[in-house]
Structure formats: C-alpha cells, structure tokens
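> Quick one: sequence plus predicted model below, questions after.
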Amino acid sequence: MSASLQDPSLTVPAPPKGEPRGSIGIARNLGLVIALVVLCIVGVVTAGDRFASTDNVLTILRLATVTGIVAVGMTFVITGGGIDLSVGAIVALSSVWATTTGTQAMADNIGWVAMVFSAILVGAACGAINGLLVAYGRIVPFIATLAMLASARGLAEVIADRKTQIIRNQGFTDFFAAEPLGIPVIVIIFALVTVAGWFLLNRTTFGRRTFAVGGNPEAARLAGIKVQRHTVYLYTLLGTTCGIAAVMLMSRTTTGSSTHGTLLELDVIAAVVIGGTLLSGGRGTIIGTLFGVLIFMTLTNVFTLNNLSTSTQNVAKGVIIVIAVLLQQRIANRKT
Amino acid sequence: MSASLQDPSLTVPAPPKGEPRGSIGIARNLGLVIALVVLCIVGVVTAGDRFASTDNVLTILRLATVTGIVAVGMTFVITGGGIDLSVGAIVALSSVWATTTGTQAMADNIGWVAMVFSAILVGAACGAINGLLVAYGRIVPFIATLAMLASARGLAEVIADRKTQIIRNQGFTDFFAAEPLGIPVIVIIFALVTVAGWFLLNRTTFGRRTFAVGGNPEAARLAGIKVQRHTVYLYTLLGTTCGIAAVMLMSRTTTGSSTHGTLLELDVIAAVVIGGTLLSGGRGTIIGTLFGVLIFMTLTNVFTLNNLSTSTQNVAKGVIIVIAVLLQQRIANRKT
Amino acid sequence: TNSSSDDDTSASVTKSNTDNDKSGDKVVIGFSAPAADHGWMGAITKAAVAQADKYDDVELKVAEGTNDVNLQISQVETFINDKVDAIVLLPFDGAAMTSVARKAMDAGITVINVDREFDSPFAARTTVLGDNYGMGVSAGTFVCEDAKGAKDKVVTEIAGIDSLPLTQERSKGFKDALKSCGLDVDNRVAAEFTVESGEEAASNLLQAAPKIDYLWNHDDDQGVGVLAAIKNANRDEFTMIGGAGSADVMDAIKAGNSVLKATVVYPSTQAADGVKLARLLVQNKSMSDLAEIEVPRQLKLAAPVVTKDNVDTYLPSAFRS
Amino acid sequence: MSHPSAPLLEMRGIVKKFPGVRALDGVDLVVRAGEVHCLLGQNGAGKSTLIKVLAGAHGVDEGTILWEGEPVSFANPQAALATGIATIYQELDLVDGLSVADNIYLGHESARGGITRDATMNRKARELLARLGHSEIRPTREVGSLSAAGKQIVSMARALSRDARIIVMDEPSAVLDPDEVDGLFRVVDDLRASGTAVIYISHRLDEIRRIGDRLTVLKDGATVAGDLSAKDTPTAELITLMTGRTVSSVYPRRTIPLPATAPVLSVDGLARVGEFSDISFDLRPGEIIGLAGLVGAGRSEIVETIYGARRASAGSVTVDGRALRNGSVDTAVRAGLGLCPEERKSQGLILDDAVYRNVSLASISRFSRFGVSTDDAEKQAAHEAARSVDIRPDAPERIIRTLSGGNQQKAVLARWLLRSCKVLLLDEPTRGVDVGARAEIYALIRQLADSGVALLVVSSDIDEVLGLSDRILVIADGAVVHDGPSEAIDAGGVLDRIIASHEHTASPTEQKGEVA
Ligand SMILES: Nc1ncnc2c1ncn2[C@@H]1O[C@H](COP(=O)(O)OP(=O)(O)OP(=O)(O)O)[C@@H](O)[C@H]1O
Ligand SMILES: Nc1ncnc2c1ncn2[C@@H]1O[C@H](COP(=O)(O)OP(=O)(O)OP(=O)(O)O)[C@@H](O)[C@H]1O
Ligand SMILES: [Mg+2]
Ligand SMILES: [Mg+2]
C-alpha cells in the first residue's frame, strides 16, 4: 500500500510532491491538462468547427477574463492561508463607483483612465479593509469577507440606486473594443495579469513569504516575517485584481451595476482549488488556477454549443468536477 | 496585554480556552449573548410592542427553524474538520422529492409520514454521498460538496420540472399547522433537534470522536478511531438535518421547490462560525450556533420592522457582523 | 399543478390563421434568457421552445439560462460565431447586454429584445416589452379604486429581487399610481422571486404591520410563500394583489376564498412572441393583422388586472408556477 | 496455538518503502514479555518508522510479524491496539481541543450505549496521572493548554490506560526533566514486574543503561545488532554500531578567553504577568549563557519574550545599545537576533515545504535583488548550511515533513546559521538529536561563540547546559534563583537551588535576594 493511500489527513489531499515552486508545471498539472484536453475533444466531436474556431476560442477567453483575473489574486490569498468571499461584491462596487455620473464626468475631463483608476482604487481599498479585519482585527477570513460581501454589495446598490449605470465615455469603450493582432484587449490584459501573478508568486520574496505565511504563520513570524502586514498586502492584491476584473466587466457590458459579479466568489474559489491550490494554505499554483478557470469556461461553452438544458448542465457539472479531481489525484499519486 | 492577543495565528481565532466541552456556556458565549441582547433592545426601542410580542418572537423562531436545524448538523461537520456547501441544494432536492405526485400519492395511501421519511432519506443519502466522496474519494470537502450543490440543485429542477409542487395532503399540513401550548410544531422540532445535537456532541462517544477527527485526524486514527467512517457519518448526519429542514420548509410554504434553500449554505456557515465553531475543525459549540442563528434572524426581523431597504440592511449587516465578532473575541480574551 | 406543462404552454402559444405560418426558408434562432429559477422565467423558456416546435422551418438553439451577464454575453458571442439568423434575447440586464447585441446586429443578425429593454435603438430590430412600470400602475390603480378615496389605508408591498431595475420600475409605478389618490406605501420588503423568500419576507412584514388594508406582491411565484405566511399568521383583514398572473393565483381568485382578490398579468409568452417575430423578420414577412409592411420596432404588452370578474378570460393562457 | 517458549513479539525482515526511500530495509526485532527492550539508532535510522509499522500506522511492504509465535498483520491501528500494543509516539499526537481525560480514553471511551461516562473517565484518568506522579494535571484541563512535558505525561497515561502487553515509547524523555524521568522509570519498572514488555527509544545512553534489559541497534533502516545487553555493552561499541565511527561526547570547552567587550544583549527587569518576573542579565559577544531549570519553569517564555514573540509587561531588551520594540519579532530579527523555537513542528517548520526553503526562511531577502529571488544562490547556500549540521538524507528538495524528528530539528538550527546573527537564542537545541549529531551541534555552538556570536541556550539536560555555557542562570517558577559562572556549580547544585526555591515559594522575592 502506498504511503499516500495511508495518509489519514482526510480533509486535505496529499499535497503534490516534488518541485514545491511552480515550474511551468505541465507535468504537475497533468490531470488538469488531461481534463481540459478531454473537454476539447468532446467539444470538437459534438460541435466540430463551431468549437474549434478561433472565434470560439476567443469567446471562451473573453468569458474567462473576469473569473480568471480574480482567480489570480485569489490564488495568493488562499496560498497565504486565507479566503475571500467578497470578490463578487467588490467587483460590483468597483464597477458602480467607476461609472457614477461623477466619475464619468471626471473621465470626460481628464481621460478615461480615471474610470480605470477609480475601479482599481476602490477594489484595492476594499481588499485592504478585508486584510486589516483579518490581520489586525483577527476575524476569521470567512466571516470578515462575508461581512464585506454584504456591505459592499449593499453600498453598490445604494450608490447606483439599483440602476444600471451606462458608460458613455467613448475613449473607454474604444480602447477596450480594440483587437490588436486579432486578440481582444481584455484577453491581453488577462494574459498579462496571469504572467505577472506567476512571476510574483514564484520568483519574488513576496511570493516566498506568501507560501511561508500560509504554510505555518507562527513559524513565519518567528523567522522574522511581518505576517500581519503581509496578510494585508495579500488581500489588497486580491482587491486590486477585483478592480481590474470590474474594468473588464465594464468594458464587456459597457455598464456598471450592483448585480455584477453575483456568485463570482464560488466560481473563483472552485477554479483555484481545482487547480491544486490548498484551501488550508501554503501551496498554490497560478498555472493550476489558469487551468481550473479554462476548464470551467470550456465546460460552459461546450454545454452552450450543444444546447443542453441548465438542469442537465448542473448535474453534469457536478459529476465532471468530481471526475476531474479524482483523476488529478490519482495521477499525482502515481507519480510519487 | 494577554498572551492570546499576541497570538499570531491569523487564520484562526484564538480558540476559547478553559472548559473544552460545551457546558451550557452562557459565560463562554458572553459576547454573543450581549450582541443578541443589544439587538433585542434596539428592536424594542425602535419597534416597541411589534417587536416584543409573542407573535413576533414566534415568527423569528419559525423563520429560524430551517437555518437552525441545518446549522446543528453543520456544527458537526465543521467541528469534524469539514465543510458542506451543498446544504441548500440538498434541502431543495429533499423537498422536491417528498412532494412529487408519486410521493404525495403514497402519502395519501400510507399516511403523511411517508413524505417526511422520503425527505429525510433523500437528505441522508445526499449527505452520505458527500461523506463518501470526502472520506474515501479524498476530494477536498469544498469541492466535493460544490459538485453536490450543482448536481442536487440540477436534479431537483429536473424532477420538479421547475415548477412549485404544492402539498395537497391534509394530514401533513394539519400536523404542522398545530400549535400545542401556543408553540408551533416546527419550533418544537427545532428545539428537539438542537437539544439532541447538543447531547450528541457533548455527551456521547460520537461527539468526542468528532472533536478528535476535526482537531487532529492523525491522532484520532492512531487512537483507533475509524476516521473515514466517522467522516461519512458526519456528512450523513448533516444530510439528515437537511432533510428535516426540508420538511420544515415544506410545512412553512406548503410547497416543494427546486428554489428552496437558495444560498442557505452561506447563512448556515456564517451562523455556525459566528457561534464560535472553528472552521479549521476540532472545536464546536451547539449553543454558540444557536445564538449565531438567532442573531441573524433577529437582525432581519428588526430591520424589516423598521422598514429599512435591503441595501441598507446589507451594509448594516456587514458592519454588525464585524462588531459582534470583535466583541466576542475581546470578551473571550479578557477572560483568559 | 397536476396538469402537465405542455398542455398549458401549448394553449398559450398559437399559430395565427394566416399564410404567415406556411413553411418558409429555414431560420436558425438563438435564444438566451436569465436562469429559469422561478416559474415565470421557466414558463418564458418553455413557451419559446414550444413556439419554435410548432414550425418545421425554425431551429431554436437554447443557451443555458444565466443571471451572470458576463456569461450571457459569451452566449450571444457564441451565437454570432455560429452565424445564426436571429437572436431572441431576454437579457438579465438590458443595459449590460446592449453592446454585444449591437455587435450581433452589426454582424447582420436580427436581434429581438424581450422584456428588459436595451440601452440603444441600434441593438435590436424589434423589442417586445413587458410593462413593468405599467404593472405597478395597474396594481396601484386597483388599490385606489378599491379604497374609494379613503386616505388612511395601510398599503404594503412585497417586491421581487430589489437590485433588478425591473423591480424598481414596478415599485415606481405602484408608488406613482397610489400618489394620484393620496395613498402611499407604508411597509415594503423585498423577496427574491422564490417561494421560500416570499414566506420569509411576508412573515416579517406581517409582524411589522399589525393591520394591513392592501398588500401588493410583485410575483406570483414568491406569492405561494406569501400566502403560506399569511395563513400561518392567521391574517385575513386585507386584500392582496398578485403579480405576473400564474394559474394557481388565478384559481385562487376564482375561488374567492382567500385574501387574494386580483393579480396583474405580466405575460409569460413574450419570448414566444419574440420567436414568432424573429421568424417573420428573417423570412421577410409582415405582421398580417397590420397594414404596415414591416414588423414594428416595438411592442409593449399590456399589464391587465385580473379579478374574479374577468379571470376566465386569462386563466387558459396563464402559466403554472 | 501459542508456543510457550516463543518470544512475545518477533519482527523479521521488515521492509518499508516511502516514495524514493527505503526507510526500513530488513529490520529484525525480538521482544520478550517482561523486558525493557531498547532501540538505538541515529536520526533517520528508522526507529519511529519501525514502531509505526508495529502500531499499524504504516502498512508493511515485506517481512513477517509474529505475535507469540503466530503470524499476524496489523492493517490498522485498531488491530495493533486490540492485540495489545500501545504506543507513545514521538510526535505528540494528542487532540488539543479535548480534555486530558478525553485524550487518554480517546477511541476506548468509557460509555454506556454511546453515552460517555465522564465521571468514571475523569476518576480513572486521575488515578493514572497519580500513578505517573502528576496528580497536579486536572483530568478536565484542555490538553492544548498544557506544556510539551504535560502533553508527554498525558500520552503516557494514554498508553497505560490500554492495559497493553507491549508498550512502545518513542523518545518519551525528550521533553521531561530528570525528576520526571525518574517517575517514568518507576512506572516502567512496575510494568516490567507485571510482565508487560516495553520497547524504549531514546538518544540518551545513560537512560538506556539505567532502564534497559536488552537492545537492538538500527542503522540506515537495518538491524546491525540485536540481543545486546543494555547494561554491559560498552558505549564506544554502541556508538560505532550506530554511526560507523567514533564520536567523543565531551563538551567542547572554550579555547580562547572571552574578550572583555561591551554586552551585545542586555535584558533588564523583563517580566510577563503570571509567567516570570524581573529577569536581568547581560550577554557579551562570544559568550554562552545557559538557562537551566525544570520543565515549566518559564524558560521558553523568557526566551520568546526577549525575541519579541511575546509582549513583555515590564522591562526592556537592548541590543548593541538600542532598545528593541516590545513585542516585535521583526525588529529583533533585524537587530540580529535568531531563535530556534522549542516546538519545531508548530513554531519552526513549514512542514509541506522543501528542506532548503525551510532553511532559508529567515534569509529570503538576502537572496533577492529588488524583491526578485535568485533561486540558485539561495538553494546552494541553504544546502551548505544544511550540510554543516549534517541533515540526513542530504536532499535539500525533500519535503521536510518526511524527515525524521532529529533531522527536522537540525534544519531549524541551520536556518539561523545561514542568517548569521549576532545573538542566537536556542531553546532545547538538541531535543531528539542523536549522539553523533549532538556532538556536532555542540561543536557548532562552540564555533559560533568563538566567532563572536552571543548565545543563550535553554536545555532541560542540566549537564548539557553546564557543559556548554560560560555562565548559568537557574530559573524556578519564573524567577532567577542562581546566577554565576558554570564552573562554580554542578548538576546537584542546580537541583538544590531549584528545590530550595520551591520550599520558599511563598516568598519568591525574599528567596531571590538570598541567592543574589
Ligand atoms: N512519510 C514519509 N515519507 C517519506 N520518507 C519518510 C516518511 N517517514 C519517514 N521517512 C524517512 O524514513 C527514514 C526513517 O525515519 P524515522 O522517523 O523512522 O527515523 P528515526 O530513527 O525515528 O529518527 P529520529 O531519531 O530522528 O526520530 C528517514 O530517512 C525519513 O526521512
Ligand atoms: N498556551 C498556554 N496556555 C496556558 N498555559 C501555558 C501555555 N503554554 C505554557 N503554559 C504554562 O506555562 C508554564 C511554563 O511553560 P513551559 O513548559 O514553556 O516552560 P519552560 O521552562 O520553557 O519548560 P521547557 O523545559 O519545556 O522549555 C507551564 O506551567 C505551562 O503549563
Ligand atoms: Mg523517530
Ligand atoms: Mg519550554
């Protein structure tokens, strides 16, 4: 019997052994790669060219931007031992704040980047508040961010007066409607955020500290790492990605709305965890997260191409998640 | 300053020291008691007799039954080191299954308890599947139950064909409409479940082992506890409470519906965690959970009595959660 | 509720008796709507599918219902990639779906906007609108008439999902109509279009207002829960008005033994009409009952009040929640 | 059918593989009823793995286990427990959230129809604790609030509660002070007298001499000698068997005189309410001060407070003339302090990370430019530090969780070697470390001191503190009861001071005056 089958830590899967730091990690994420490939094969078989076209791939990627960008930030927070339920609400609040008549008037005066900056600033501020509540208020992340979820969504509704705020700024819409080399701007931004996230997590002291803080906060503290401050940074980083995601959503919908990002938190956390980041902290991979996001989005796309009913989709989704995770685990265990 | 204020384990609040097992624990839950009392005072001041009437108290309790009963089961699962996101979906599936034309026809023949039993059976079965996936499939609880959430909700929709199934069985409605001694039957059932849960957690070997499995699964295994089997029991127990909660909801709304229990999971987990059960496992209190549930329900009630808009409610809710938790922590720390 | 759905929906979707229904060129229509998480929205999709099934020249591609605008946008993008002939779109949020709808129009696809209006006239060829503001006005007017000028009546409101623009419009219409006869809304709570949320919101509302004269509930799906709460609280001193017009509610109005005295219809056949119009537009046909050659730009459906007096007219086309 | 002459337990050719390692590679072990059988071996030799196989915690890959001559297999811990094997594990495997009594009876609760009989369990737990000489531990106390020593006592009570035929003790004395070890040995004597066999693992040879009957030596996962007499086998032979070489176990004494420089660390009137009071001393570069005292005297608290990990309620800590900010580890580290914490698992290690990353944890920023890490330099430097304390196996990429206990301890030590601090605080630096490595650590401490590092060493091994340090502070009940050069006092003297202070606990201040 192998050691890992004997592993009794039921609540946590046997961590993938080997290279602790994310290398490009195709091998490490083999299960996920297989799941994605199988999904693609199903897509091609059932929908043929409609699935395999460039247009469709770009559709999937465009859809993935919001979840994907937030998931990059969430990977940091979860790796650092936390969790954030408020991401959807923060996206909503950022999008609303950045599209009020006031902000839009400002944007008309000083340029559309004003909207982008206000979205990102609001996101970062909410994230920082989360971080402060968790690190210095010592409120469990689950509860602190649940409170933020309620408050931020409520505030977004109050500010927007429950109306959808339409973006009139031409510069903003034009910039994000562009498709240099045939690739939509928001997909390029998604790629940049992912690469930056990978670099930050795997090649910097900040990333190293994140692993340490999530793996054993007490040991990290005794090694001289400012655990509380680092925790604030982590949540602020996630808040910032929420702000960026809000901009993506604003450009896609040309609106800001308090209903944006509803239930985004579940999708994001699911993608991150399926990607192999440990919910208990200390282990995380941006590449895995990317695969997690792509698997979910491709799944939805294949379902849509095949006209499946929502209910059937849901049943199938649950089963597919279970199979993908079991597959990934078996393969990870085999290799060690 | 006390030692626990220095405690650096940011992701986990300082566990309440002292008596490890739930005594009635008013003292231990002092912060929660204060929060509830303050809420009640606010209620009386702002809404007077409309708040302080027997009718209103019974309304709060009736509304608390669903969240409360599931929260009792959730306290076990979280104490045992797990989490379950699928409770709302299980409630929906149970309610739908128990109100199909088939089940109702059976109920007409052999008595209304047939509906109650099918609800509970379906709930327990879903819970058992969750438990098997977590314990033997070794899928992280978050993901396993997320998959169940999607599948169970989808299945409920398929079975109900997205229609609201109305309960025609007179015996069922009559039984649950009764109010012996002026107390609604469902409130009595809620009380019984809570007492039973308290007893099971604090006075039986099952409860003792739940703490052990959640606190240190490896130690539990080495002590000869069948950790995997116990985990299955825990989720099955939670599933059973979901079934009971489905019956409560069926009697309150006289319907079964695939929309029942939407987002119940967040309310339930929030109540359990605010009550002082550690999300990381090993520490849990039914009394705390009860307070958590009552605080949330009273909050909504007081807001509604004061005719506040949902948005304002949300903003305030977030702030109040933070204050309540900080209060509870400061008081718990003071005492040690 | 025991009668099967297909009967209901086929009763509500019809072929017209003109040669418009004659089989023509094949039309591929994409359909996307919010998540069918309550009866009315479920009925919308079913009616659209049933309508499409009536035509052998229509192929309907139904995308997963979703409340996530980001996902709904990608569904429309998929339809554009697929080069469908027409898209019938019931947006979760009209404004948010405007730009992608416009993209579809620019790609030469006929877009039919259903229920929740786009923000730009260039984003849809034709719009089939339910009248949310009108619904509120109808309910308010009913209260005004029933109150016969009394100014001290306690009026309460149970809204649907409060963050949706349509809820805001309904509430505004209700408020405006009440104002015209000197009444206002004394207590207002919001539910979430589900039975459970209706029961919970109503239970609290009934405690907030110990005596009520009128209660308008926006949605008959959550209304099942509202009625259960009223029964649990043993209250019957007021008149309740429903919204949307489900068959169960109409049954109750007809029976006349509950607080429910009226409901404001919000047609669940809008999307089915959208499918019909899409087909006409793609096949270059006109609406046969109009002299006009082109299909109109906009159709606004009426929001009639159903009471015991006229319930038989509306019952056959009502949806089962 | 049982063979009357057969030994109680026989393990033959046991092989246990972990991914990439053969932790056990043909181990033989024979244990007779009523004997104390000692298991000896270096860190990582496979002792803990062997007893985990025996306890059913690990499956076995090859080999046979005979119980009274009959082949048995222990597929899970229940099977081993049911057969009559109870184990005290090296890593304290208790449930923090449960009470002492609950932990003792975990898995075999006294219950009627599933309902626990708490009063019975508390009473029986109290009896067991009294038998171990620790009636001061209340059965209802939460285990999480006990010190490491207290937890060890609970583990022992738990093993005793099983009424086992064989009790396995994996380094039970590591966290105990001499008094408590005496208590433990009285219990072991009782067990032997009643026919129970004990498998005893320790790195302290004197203990093995005192209590053992026979011994088995493991090296690199294989038995190199069995059935040796525990009392008579010469020490040199044992060490050679274990390490394959000779090791001198004398404490390396100071060779160069202590330069008369200004103190690098000054502690003045340091106190924490309820834990310790009025601790003052100066530490000069190159000096080693030892903190002696019984377990629970508050030494760890003192060290952690100096380090800023706990907030002092009074007093100050000064490094190079600059006062440290109260309660800030970060300031202390930047000022040049380092701490090897007492509990390596919870305080020291990131268990699921690689060895080299654990070693370099405190020096991350040194191996980076503008926040971007230079991985290779880091790995190389960490590897060197790991090699200097002889971490086995020499594989810096290994997940540190899979290392043996002693080797994990060495990794924490290596962390601060890499960081090169001015002042090193070592809390039980040799706990669980084998004789060979221990000598190396001693040499290392000496070497550090000679190079000008100031050291504060806490150890429950009084000979060790005395042997290593220049000056010694004896701590009892959170107060300094003796302060003087280590040559001027011996182990007996230290114990006398402690006992004297206990007799005067009513007036600790008066007591202190007496000593000073
Ligand atoms: N779960 C595991 N996975 C991989 N290797 C392991 C595992 N557990 C132990 N090992 C390896 O097996 C070998 C024996 O370890 P073991 O803990 O038995 O040593 P030990 O003799 O008890 O040492 P110590 O005296 O330090 O406690 C070591 O090389 C260790 O790294
Ligand atoms: N978290 C805690 N909660 C309550 N009491 C504690 C806690 N930690 C330690 N103690 C108590 O504080 C006292 C001193 O603890 P500790 O064992 O660390 O002292 P020490 O002198 O450092 O002993 P050691 O020889 O183990 O290093 C003991 O009585 C212990 O029980
Ligand atoms: Mg060992
Ligand atoms: Mg100590």
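All right, it came through fine. Ligands and ions are numbered 1, 2, ... in the order given.

> Report the contact partners of the closest residue to residue D:198 other than its chain neighbours.
Nearest non-adjacent residue to residue D:198, counting by Cβ to Cβ, 6 or more residues apart in numbering or on different chains: residue D:36, 4.6 Å away. (Glycine included, C-beta is placed from N, CA and C.) Counting by Cβ atoms under 8 Å, 6 or more residues apart in numbering or on different chains, residue D:36 touches D:188, D:192, D:197-198, D:200, D:211-213, D:230.

> Quick check: next helix or strand after the helix or strand bottoming out on mean pLDDT in chain A?
None of the helices or strands of chain A scores lower by mean pLDDT, DSSP states H and E than helix A:3-6, at a mean of 34. As assigned by DSSP states H and E, the chain's next helix or strand after helix A:3-6 is helix A:30-47.

> Give me the helices and strands touching that following helix, please.
helix A:49-52, helix A:286-305, helix A:310-335 (3 or more Cβ pairs under 8 Å, 6 or more residues apart in numbering or on different chains; DSSP states H and E).

> Residue 242 - how many residues pack around it?
Defaulting to chain A. 36 (other Cβ atoms under 10 Å in any protein chain shown).

> actually chain D
Residue D:242 is flanked by 23 other residues according to other Cβ under 10 Å.

> Contacts only, for it.
Residues near residue D:242 by Cβ under 8 Å, 6+ apart: D:40-42, D:45, D:217, D:219, D:224, D:434-436.

> Residue A:101 now?
By Cβ under 8 Å, 6+ apart, the neighbours of residue A:101 are residue A:165.

> mind checking how far it is from residue A:168?
The gap separating residue A:101 from residue A:168 is 9 Å, by Cβ to Cβ, to the nearest Å.

> Could you do residue C:23 as well?
Residue C:23 is 45 Å from residue A:168, by Cβ to Cβ.

> The two - which one has more neighbours?
For residue C:23 versus residue A:168, neighbours defined as other Cβ under 10 Å are more numerous around residue A:168 (14 against 10).

> Now do the phi/psi pair for the more buried one.
Per-residue torsions, residue A:168: phi -100, psi -10 (degrees, to the nearest 10).

> So for it, what's the nearest residue that isn't a sequence neighbour?
If the residues on either side of it in the chain are set aside, residue A:168 comes closest to residue A:104, at 6.2 Å by Cβ to Cβ, 6+ apart.

> Just checking, which helix or strand succeeds the helix or strand where that neighbour lies along the chain?
Element membership of residue A:104, judged by DSSP H and E, is helix A:101-110. Proceeding C-terminally, helix A:101-110 gives way to helix A:113-135 as the next helix or strand, assigned by DSSP H and E.

> Could you report the neighbour count for the residue of the stretch 151-300 of chain A at minimum distance from ligand 1?
Relative to ligand 1, the nearest point of the stretch 151-300 of chain A is residue A:283 (16.8 Å; Cβ to the nearest ligand atom). Around residue A:283 there are 22 other residues, counting by other Cβ under 10 Å.

> what about it, is that helix, strand or coil?
Under the three-state scheme (DSSP: H, G, I helix; E, B strand; the rest coil), residue A:283 adopts coil.

> My read is that residue A:154 contacts residue B:311, right?
Yes: between residue A:154 and residue B:311 there is a contact under Cβ atoms under 8 Å: 4.6 Å.

> quick one, which of these two is more surrounded?
The neighbour comparison of residue A:154 against residue B:311 (other Cβ under 10 Å) goes to residue A:154, with 25 against 22.

> Which residue is the nearest non-sequential neighbour of the more buried one?
Nearest residue to residue A:154 in three dimensions, chain neighbours excluded: residue B:314, at 2.8 Å (Cβ to Cβ, 6+ apart).

> what's the burial count for the one you found?
26.

> For it, give me its contacts.
Shown in contact with residue B:314 (Cβ under 8 Å, 6+ apart): A:150-151, A:153-155, A:157.

> Tell me the one of the residues you listed nearest residue D:291?
Closest approach to residue D:291 among the contacts of residue B:314 (Cβ to Cβ): residue A:151, at 49.7 Å.

> For that closest one, list the residues it contacts.
By Cβ under 8 Å, 6+ apart, residue A:151 lies in contact with A:89, B:314-315, B:317-319.

> Which of the helices or strands spans it?
Assigned by DSSP H and E, residue A:151 falls in helix A:141-160.

> ok and that helix relative to helix A:113-135, angle-wise?
Put simply, helix A:141-160 runs at 150 degrees to helix A:113-135, going by axes from the mean of the first three to the mean of the last three Cα atoms, to 10 degrees.

> Export helix A:141-160 to CSV, keeping only CA atoms.
The C-alpha coordinates for helix A:141-160 follow below in CSV (Å, rounded to 0.1, in the frame of the first residue of the first chain):
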residue,chain,number,x,y,z
PRO,A,141,-11.4,35.4,6.9
PHE,A,142,-14.6,33.6,6.1
ILE,A,143,-16.6,36.0,8.4
ALA,A,144,-14.7,39.2,7.7
THR,A,145,-15.1,38.8,4.0
LEU,A,146,-18.7,37.6,4.4
ALA,A,147,-19.3,40.9,6.2
MET,A,148,-17.6,42.7,3.3
LEU,A,149,-19.7,40.8,0.8
ALA,A,150,-22.9,42.1,2.4
SER,A,151,-21.7,45.7,3.0
ALA,A,152,-20.0,46.2,-0.4
ARG,A,153,-23.0,44.8,-2.3
GLY,A,154,-25.3,46.9,-0.2
LEU,A,155,-23.2,50.0,-0.8
ALA,A,156,-23.1,49.4,-4.5
GLU,A,157,-26.9,49.2,-4.5
VAL,A,158,-27.2,52.4,-2.6
ILE,A,159,-24.7,54.3,-4.8
ALA,A,160,-26.2,53.0,-8.1
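
> nearest residue to the spatially most central residue of chain C other than its sequence neighbours?
In chain C, the residue lying closest to the centroid (Cα atoms, centre = their mean) is residue C:266, at 4.2 Å. Counting by Cβ to Cβ, 6+ apart, residue C:266 lies nearest to residue C:244, which is 4.6 Å off, once chain neighbours are set aside.

> you'd agree the one you found is up against residue C:265?
Yes: shown here, residue C:244 and residue C:265 form a contact pair, counting by Cβ under 8 Å, at 7.2 Å.

> These two: who's more crowded?
Ranked by neighbour count (other Cβ under 10 Å), residue C:244 and residue C:265 place residue C:244 first, with 31 against 24.

> Over to that one: give its phi and psi.
For residue C:244, the backbone dihedrals (degrees, to the nearest 10) come out as phi 90, psi -40.

> Residue A:139 too?
Phi and psi for residue A:139, reported as degrees, to the nearest 10, are phi -90, psi 140.

> Let me see the confidence value for it.
pLDDT recorded at residue A:139 is 91.
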